[in-house]
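Visitor: Turn this into a structure:
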Amino acid sequence: MSQSKPAPRVALVGYGPWGRNIARNLFELGALAGVCDSDATRRAEVSSRWPDLPVWADSAELQAALPADVAIAIAAPAARHAELVRFFLLGGRDVFVEKPLALRVDEGEELVRLAAQADRILMIGHLLHYHPVIERLDELVRSGVLGRLRYLYSNRLNLGRFRREENSLWSFAPHDVAVLLRLVGSAPNRVAATGGYFLHPKVADTTLTTLGWDNGVQAHIHVSWLHPFKEQRLVVVGQDAMAVFEDSRADDKLGLYRHGVTWQDGVPQPRKAEREPVAVGTAEPLRHEMEVFLRAVSERLPPISDGLEGLAVLRVLDAAERSLVAGGTPVELEAQAAPWRAHPTAVVGSAASIGAGTRVWHFCHVMDGARIGRDCSLGQGCFVADGAVLGDRVRLQMASRSTKV
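Guide: Alright, predicted model coming up:
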């Protein structure tokens, strides 16, 4: 009889406001191996809450104390992310790190390369990927319910929590960038950002970021910690319908509007429809995120928010920051920023929608209007027609001379 593999265990680095939530979920999942924090008061808090749990003052102590198969979750300040991820990857550990992956693109590229070389799991805390509303919204987009995407906007507004180590763009927008890249299926080609500096001359309290894709899709991200009330709203406008996610609502957070446009004497006229509530799951996003990390460690399968996805988000944030410094001048992004990959011999239409983690291999042809989900593999010579829809994790192989979907 074969023995079952022991459940993964995770040590947490950083027991701040968000780290406490990660620790709680890992403990309730039976996976918390210990907590590391340089602050003595926080270490005392951990010991008071979980008297038998090991605590450490620095990461070197943790690394020396725990077996090599214990993974790491990092909830330290963003400025330390690259340093800590590098340290633990080089120490042979799987790593979860809160957003953003790093503060510089070259650091992010190095971390992704180190994880690949060491065959380690690297997962980024883009929490909204694991929100049941975003998972359902992604299904609506992939299934074609909304039609071809046209425009998206995301508002993430609140009063506080004010920061000095990072501006509102880096504090709030990573979640929104991650979701927009997922829904559109690729990274934008152009990024522009403007901001307002009211509490500190060098820290933007509010920013407005514009993303543009060569297939005509556009998106806006508005973030601020100087807003009179909390607002978290994502609007996705398609050719056939529109969807709205309002996270501030107590329930019934996702609504579908089958609005349309009719033409009368060459003039467009709105055709309005009633809001349709969309049923979604009730799982706690952070609990689901931690479960995904534990499964990734156990099964050695990369999650949707893996290093490549984190790097794609980082490149967009970096472009937005450069535009912000330049007073809103648009920044062009290279095609490599897309979270999916195509072989140089493949032909992919600019209006095709392709999910993160998908690989398009030699001599494939994907037409404009095709919709392909996440983590798919299109084998050599496959053809995907305009209007075809593939779900997540589909493997397509050429059975004979050609295979058409």
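
Visitor: for this structure, what's the longest strand?
Guide: strand 226-238 (DSSP state E).

Visitor: all helices for the stretch 301-405 of the chain, in order.
Guide: 307-325 (DSSP state H, counting those that start in this stretch).

Visitor: again with the chain
Guide: In the chain, the segments counted as helices under DSSP state H are 17-28, 40-49, 59-65, 81-90, 105-118, 132-142, 168-184, 285-299, 307-325.

Visitor: what about the stretch 1-150 of the chain, any weak spots by pLDDT?
Guide: Across the stretch 1-150 of the chain, the ranges flagged by pLDDT under 70 are 1-4.

Visitor: Confirm for me that residue 389 is in contact with residue 144.
Guide: Yes - if you go by C-beta atoms under 8 Å, residue 389 and residue 144 touch, sitting 5.6 Å apart. (Glycine included, C-beta is placed from N, CA and C.)

Visitor: Now do the shared contacts for those two.
Guide: When contacts are counted by C-beta atoms under 8 Å, 6 or more residues apart in numbering, the set common to residue 389 and residue 144 consists of residue 371.

Visitor: if we can go back for a sec, contact partners of the longest strand of the chain?
Guide: When contacts are defined by C-beta under 8 Å, 6+ apart, strand 226-238 is touched by residues 137, 141, 145-159, 176, 179, 183, 196, 198-199, 205-206, 242-248.

Visitor: now stretch 302-314
Guide: Contacts with stretch 302-314, where a contact means C-beta under 8 Å, 6+ apart, come from 99-102, 105, 108-109, 111-112, 115-116, 121-126, 129, 174, 177-178, 181-182, 187, 292-293, 296, 337-339, 356-357, 374-375.

Visitor: what sits against the residue nearest to residue 88 when sequence neighbours are not counted?
Guide: Distances taken as C-beta to C-beta, 6 or more residues apart in numbering place residue 72 nearest to residue 88, at 4.6 Å, with adjacent residues excluded. Residue 72 makes contact with 10, 11, 12, 13, 62, 88, 93, 94, 95, 96 under the criterion C-beta under 8 Å, 6+ apart.

Visitor: next one: residue 215
Guide: 350, 351, 352, 368.

Visitor: let's see 6 Å
Guide: 350, 351 (C-beta atoms under 6 Å, 6 or more residues apart in numbering).

Visitor: What of residue 288?
Guide: Per C-beta under 6 Å, 6+ apart, neighbours of residue 288: residue 130.

Visitor: Now do it, the pLDDT please.
Guide: With respect to pLDDT, residue 288 scores 96.

Visitor: how close does it sit to residue 134?
Guide: 11 Å (C-beta to C-beta, to the nearest Å).

Visitor: what do you get for residue 215?
Guide: For residue 215, the distance to residue 134 - C-beta to C-beta - is 22 Å.

Visitor: can you check residue 6 too?
Guide: 32 Å.

Visitor: To what extent is the nearest residue to residue 29 once chain neighbours are set aside buried, counted in neighbours?
Guide: Spatial nearest neighbour of residue 29, excluding adjacent residues (C-beta to C-beta, 6+ apart): residue 290 at 6.1 Å. Using other C-beta atoms under 10 Å, residue 290 is surrounded by 25 other residues.

Visitor: The one 5 residues further on too?
Guide: Each residue near residue 295 was counted by other C-beta under 10 Å, and the total is 14.

Visitor: Kindly report the same for the one 4 residues further on.
Guide: Taking other C-beta under 10 Å as the neighbour definition, residue 299 ends up with a count of 11.

Visitor: repeat for residue 322
Guide: Neighbours of residue 322 (other C-beta under 10 Å): 14.

Visitor: Same check on the one 10 residues further on?
Guide: The number of residues packed near residue 332 is 10, by other C-beta under 10 Å.

Visitor: how near is it to residue 107?
Guide: From residue 332 to residue 107 the distance is 21 Å (C-beta to C-beta).

Visitor: Check residue 242 too.
Guide: 38 Å.

Visitor: ok, now residue 191?
Guide: From residue 191 to residue 107 the distance is 19 Å (C-beta to C-beta).

Visitor: just residue 213 next, same as before
Guide: 26 Å.

Visitor: try residue 334
Guide: 18 Å.

Visitor: Between these two, which has more neighbouring residues?
Guide: A side-by-side neighbour count of residue 334 and residue 107, using other C-beta under 10 Å, places residue 107 first with 18 against 10.

Visitor: surely the more buried one meets residue 84?
Guide: No - counting by C-beta atoms under 6 Å, residue 84 is not a contact partner of residue 107; they are 11.5 Å apart.

Visitor: per the record, what domains does this protein have?
Guide: 10-128+286-312, 340-396 (automatic domain parsing).

Visitor: Would you mind giving those domains as a markdown table with distance to residue 320 added?
Guide: Shown next, in a markdown table, are these (distance: least, C-beta to C-beta, whole Å):
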| stretch | distance to residue 320 |
| --- | --- |
| domain 10-128+286-312 | 12 |
| domain 340-396 | 19 |
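
Visitor: Ok, which of the ones you listed comes nearest residue 166?
Guide: domain 10-128+286-312 (5.6 Å; C-beta to C-beta).

Visitor: Quick one: end-to-end distance for that closest one.
Guide: 26 Å (C-alpha to C-alpha, to the nearest Å).

Visitor: same deal with stretch 379-391?
Guide: 16 Å.

Visitor: as a whole number, average confidence for that stretch?
Guide: Stretch 379-391 comes out at a mean pLDDT of 90.

Visitor: any residues touching it, and which ones?
Guide: Residues contacting stretch 379-391 (C-beta under 6 Å, 6+ apart): 144, 361-373, 376, 396-398, 402-405.
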